[in-house]
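Novice: sequence plus predicted model, see below.
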Amino acid sequence: MTTRSTAIMTFRSSAVTALLSLAILAGCRHPAPANSGPKATAAGTALVESSGGHQIGVTGTALKDPLVVQVNDDQGTAVPGALVEFHGPAAVSFDPAAVLTDSSGQATTTVTLGAIAGRYELSAVTPGKSKAVILSVVETALGYQQRVGSILADKYCNRCHDPESSPERVSNYDNLQVKPHPFTEGTTLNKMSDADLTSIILHGGPALSRSALMPPYGSTLTAADVRALIAYTRAVTDPPYQPAGTVYARK
Amino acid sequence: MQFIRKVLSSAWQTLFGDPVRAFGVVSLGLLLALAIAPAKEHFSQWHSYQRKYLTLIRDRGDATSLRRRFVPGIHQIWLPELGVVDRCTTCHLGLNEASLTDVGQQPFRKHPVVPHSLDGFGCVICHGGQGQATTVAEAHRSERAGEEPILPTRYIESGCGQCHQNALPGTPQLNLGRTILTRYGCVHCHAITRPDGSKVEATDRPPSLAHIADKTTREWLYSWLKDPQAYAASTTMPNYKLSDADANDISAYLMSSSTPHAGDNAAPNAKSAASADASAGPSLYGESFCASCHAVQNAAGNLVGGDVGPELTRIGNKAKPEWLTAWLQNPRIYDATTPMPHYRFTPQQLTTLVAFMQAKSDSDYGSSIHLDAANPQQISHGRKLIVELGCAACHEINGVQKPENFAPELSTIGSKPLAQIVFLPRMEHSLSSYIVAKIRQPHAFGPSVKMPQFTLTASQTDALTTALLSLTNRARSMPDTLRVAVGPETNYQPAGHAGKVIAELACFSCHRFNGRGGEMAPDLSWEGSSVQRQWLIDFLHNPNTLRPSLIRRMPRFNLSDSDNKELTDYILTVYQSPSIDAEIAPTATNPPAVVEHGRQLFYSKYACQSCHIADTKNDKGYIGPTLTQVGSRLTPAWVYAWLKNPQALRPGTTEPNQNLSDDDARALTAFLMTLKGSSGQGVKQ
């Protein structure tokens, strides 16, 4: 008797919890766009990225610039009024998640990346005429350590390593006889081990028989700063960095 | 009834009729009762996660060591000082496992690298939620009285802000939020006391309206009240969405209560006005580096310039020429504590500048506004509105007292219980979404809410929410040893006549001296050890460009010779670093061999030309100051000490400490001291 009633009670309480959490989950959701979603008035056959791809954001926060994609037809002219849906891993949210293209054929959404650092593969989908057209976009979210690295890079490194120049912040890249490697340059940086990167940061270019134009930062940055800088460069390289890691044999 | 009794008695007979059978039944019952607890544990949520974890690590190469570190059962981080009882690690088993970086599946992910250990601080301090709970729903999403659901990741920096009252380099969002809190004047109405007892002070300096009639017209005031952002997009003044009649009445009261201020009506110099050269305006505005502090909207609609002073895009629509002349002549007469420097403009320059500023106007702005003279009822209604809206909490207004505790105190807003919050329909029941909604649309919470709607972007709102969420009860109950105080701002005041000149020139608005002042320009606490006398005199007379890449620069103040000399003497005597020893440093003149050695070190071993220009023909370095005349600018003792350890002289400077040997530093100093240039040549662009 006792056992059964306990079992029933346990079952009931877990059912109540499940119902409650469902209710809470439902409460958390924004009004579902699927039901009251926009009705497409046109359809295109191609999707191109206008802007907002390859951004570097921060975990859990909205990307600085919105993601803009354009729907084109066979002739490559923009299609207004076509439906575009945005998809991504569960942690990513889009505002709005489904939108009709505007008069210039563009669909705009604000992307909030998930809580976990790394690359996020997102996709924009438009129904198309016969089959759905899919465009994938990659965005990067920096975690705490990578962001500390990005702040340090901004202060100490980017003036030379980043060729992008603006009137507010003129790049020194063009003034250097030996060109530094931008931190996004995966082809070079991915080949260098963490130990190599650490030693070139600590002891300067000559440590790896490279140019003395790269000064040593060993007495300026702390060990944690250097680790953060390396974590940052690893996060932003293109093509992505694949850590060598330990190779485990399956038993 | 009869039937039930019959069934019961037969059941009793079946179970307990025979003593042996009764013994068996009781034993079985007891056994089942004893099994309840283990069964409950076996079927519990955390137990199933622990089983999943064991399956996950089974096939990994380091399974043995992972399994050795795995402890079955409920885990707990207990930190009585912090009030932390966290059982999160019962399910989040991989948080400290360095080798699980490739695992993407929750709850087994490795925790990202943060400066604190999990064992020392627990989880809920940063993440919120219920640490004691052992089910996912209760730990993550509980909303019961006194409990809070887990904090969305985008506000995670609020956790840091509980202990760290200072600005951390790794928490830009929290730092921005705290800046908004003081810069948008939130603390004029909402008192905020930090956990250490100090008060958060506003930094926005809303202008006094006691003499507003000297400064502007009632029409401008009316259109400003109607929509401040239409006049200056960057203003922090919120739009109160006043009706035409209300704006009319408030402007009427402000004008009628305004008293004339002595010296506000400098008569424009008619003679020089006639000869004012229109083209001289922009160059004088540029030469005075007004743009270092004031922004102007360019044709593309972007703000260009600093944000220390108000935006000047349409200043001609606002300021009366007489007032502007008096202000530019000496701003301290109108406002004794303004950050605006007292430029010593000549009458001719004043006329030119006033004419140039007056031309910064928009002919459409406010052109359709014609206000009739106000009657006493309107004026008294205006006063009533001013009291109701709390205008005097920010602005000094004649005849209206500054209200005390005008809005709720926010010192512990980050711990506001959900039970005390009235949520809007269809709104997520969490403190963070409540704060965001309250900032974004305060009027949605009822017509009696007096809080105005500020013009903040989504990311600014998130930053402000982060700063507010860091004001928790835990931050106040935490042991003092954990608290990192906000960097103290001293009330340092230089003495004597030089002190008066420094105050007049508002040097503190940009430069820092002995722990007080702005961040825009270099810290001058040790400037006296650094520079040579003649260079400083020349520089104060006519500041030239030291760092080619900077666009914010030192203005020219037209100092008199005696003021200049006084200031130079004071800087050279008082702002001396105790750590610089002229005895051990090389002298200004050195044997040619040493100089040549220094030159080689400069160009080859240390490659200083990557950031500095020593020779305008060949070098292109664009980051550090130009060194073409460093030999006549800096003292050898400073150069030597700087080369040995730049961060010791100016913490946070970007020049790396290259760990130079004494000999190398001497040789480099010897070389640098030979770079005398001719002053002002080749650097002013």
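Specialist: That came in fine, so what should we check first? These figures come from a predicted structure and were not determined experimentally. Residues are numbered from 1 along each chain as shown, chains lettered A, B, ... in the order given.
Novice: and the next element down the chain from the worst-scoring helix or strand of chain B on mean pLDDT?
Specialist: Ranked by mean pLDDT, DSSP states H and E, the weakest helix or strand in chain B is helix B:270-274, scoring a mean of 50. Under the assignment DSSP states H and E, the closest C-terminal helix or strand after helix B:270-274 is helix B:280-287.
Novice: what residues sit buried inside that next one?
Specialist: Buried residues in helix B:280-287, counted by 16 or more other C-beta atoms under 10 Å in any protein chain shown: B:A280, B:G281, B:L284, B:Y285. In this view, the C-beta of every residue, glycine as well, is placed from N, C-alpha and C.
Novice: what's the closest residue to the last one other than its chain neighbours sitting at in phi/psi?
Specialist: By the measure of C-beta to C-beta, 6 or more residues apart in numbering or on different chains, the closest residue to B:Y285 outside its immediate chain neighbours is B:F356, 5.9 Å from it. Here is the backbone geometry of B:F356 (degrees, to the nearest 10): phi -70, psi -40.
Novice: tally up the residues packed near B:F356, please.
Specialist: 21 (other C-beta atoms under 10 Å in any protein chain shown).
Novice: re earlier: out of the buried residues of helix B:280-287, which is nearest to chain A?
Specialist: Closest approach between the buried residues of helix B:280-287 and chain A, by C-beta to the nearest C-beta: B:Y285, at 17.8 Å.
Novice: for the closest residue to chain B within the stretch 1-150 of chain A, what are its contacts?
Specialist: Scanning the stretch 1-150 of chain A for proximity to chain B using C-beta to the nearest C-beta identifies A:G60 as nearest, at 2.8 Å. Counting by C-beta atoms under 8 Å, 6 or more residues apart in numbering or on different chains, A:G60 makes contact with A:T112, A:L113, A:G114, A:A115, A:A141, B:P152, B:T153, B:R154, B:I156.
Novice: would you list the buried residues of helix B:280-287 in CSV and tack on pLDDT and distance to B:T179?
Specialist: Shown next, in CSV, are these (pLDDT from 0 to 100; distance: C-beta to C-beta, whole Å):
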residue, pLDDT, distance to B:T179
B:A280, 84, 37
B:G281, 86, 33
B:L284, 88, 32
B:Y285, 89, 28
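Novice: ok, A:D102 touching A:V79?
Specialist: No - judged on C-beta atoms under 8 Å, A:D102 makes no contact with A:V79 at a distance of 10.7 Å.
Novice: and these two? Which one has more around it.
Specialist: Set side by side, A:D102 and A:V79 show more neighbours around A:V79, with 19 against 14, by other C-beta under 10 Å.
Novice: not counting residues beside it along the chain, what's closest to the closest residue to chain A within the stretch 151-300 of chain B?
Specialist: Nearest residue of the stretch 151-300 of chain B to chain A: B:T153, at 2.8 Å (C-beta to the nearest C-beta). Once flanking residues are discounted, B:T153 sits nearest to A:G60: 2.8 Å by C-beta to C-beta, 6+ apart.
Novice: which pLDDT value belongs to the one you found?
Specialist: pLDDT, A:G60: 84.
Novice: and A:P180, how many neighbours?
Specialist: Residues contacting A:P180 under the criterion other C-beta under 10 Å number 22.
Novice: and the residue of the stretch 1-150 of chain A closest to chain B, which helix or strand is it part of?
Specialist: Judged by DSSP H and E, A:G60 forms part of no helix or strand.
Novice: that older thread, quick one: contacts for the residue nearest to B:Y285?
Specialist: By C-beta under 8 Å, 6+ apart, B:F356 lies in contact with B:G281, B:P282, B:L284, B:Y285.
Novice: of the residues you listed, which pair is most distant in space?
Specialist: Checked with C-beta to C-beta, those reach their widest spread between B:P282 and B:L284, with 7.4 Å between them.
Novice: near chain A, which residues of the stretch 51-200 of chain B?
Specialist: Proximity of the stretch 51-200 of chain B to chain A (C-beta under 8 Å from any C-beta of the partner chain) is limited to residues B:59-62, B:99, B:101-102, B:104, B:109, B:112-115, B:135, B:137-138, B:141, B:143, B:152-154, B:156, B:169-170, B:172-173.
Novice: which among those count as buried?
Specialist: For those, a burial check counting by 16+ other C-beta under 10 Å picks out B:60, B:62, B:99, B:109, B:112-114, B:135, B:137-138, B:141, B:152-154, B:156, B:170, B:172-173.
Novice: what about the residue lying closest to B:N405 once chain neighbours are set aside, which helix or strand?
Specialist: Counting by C-beta to C-beta, 6+ apart, B:A191 is the residue found nearest to B:N405 once chain neighbours are left out, at 6.6 Å. Following DSSP H and E, there is no helix or strand that holds B:A191.
Novice: quick check, B:A407 in contact with B:P442.
Specialist: No - applying C-beta under 8 Å, one finds B:A407 not in contact with B:P442, separated by 10.6 Å.
Novice: overlap in contacts, the two.
Specialist: Residues touching both B:A407 and B:P442 by C-beta under 8 Å, 6+ apart: B:M451.
Novice: leaving out the residues flanking it, which one is nearest to the residue of the stretch 251-400 of chain B found nearest chain A?
Specialist: Proximity to chain A, evaluated over the stretch 251-400 of chain B using C-beta to the nearest C-beta, is greatest for B:V304 at 9.3 Å. Leaving aside its sequence neighbours, B:V304 sits nearest to B:N298 (C-beta to C-beta, 6+ apart; 5.2 Å).
Novice: can you give me the strands in chain A?
Specialist: A:46-51, A:56-58, A:67-72, A:83-87, A:93-95, A:98-100, A:106-112, A:118-126, A:133-142 (DSSP state E).
Novice: take those strands and write them to TSV, including distance to chain B and mean neighbour count.
Specialist: Converted to TSV, those look like this (distance: least, C-beta to the nearest C-beta, whole Å; neighbours: other C-beta atoms under 10 Å in any protein chain shown):
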stretch	distance to chain B	mean neighbour count
strand A:46-51	17	17
strand A:56-58	8	20
strand A:67-72	15	22
strand A:83-87	18	22
strand A:93-95	9	17
strand A:98-100	17	19
strand A:106-112	7	20
strand A:118-126	9	18
strand A:133-142	10	19
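Novice: I am finished for the moment; much appreciated.
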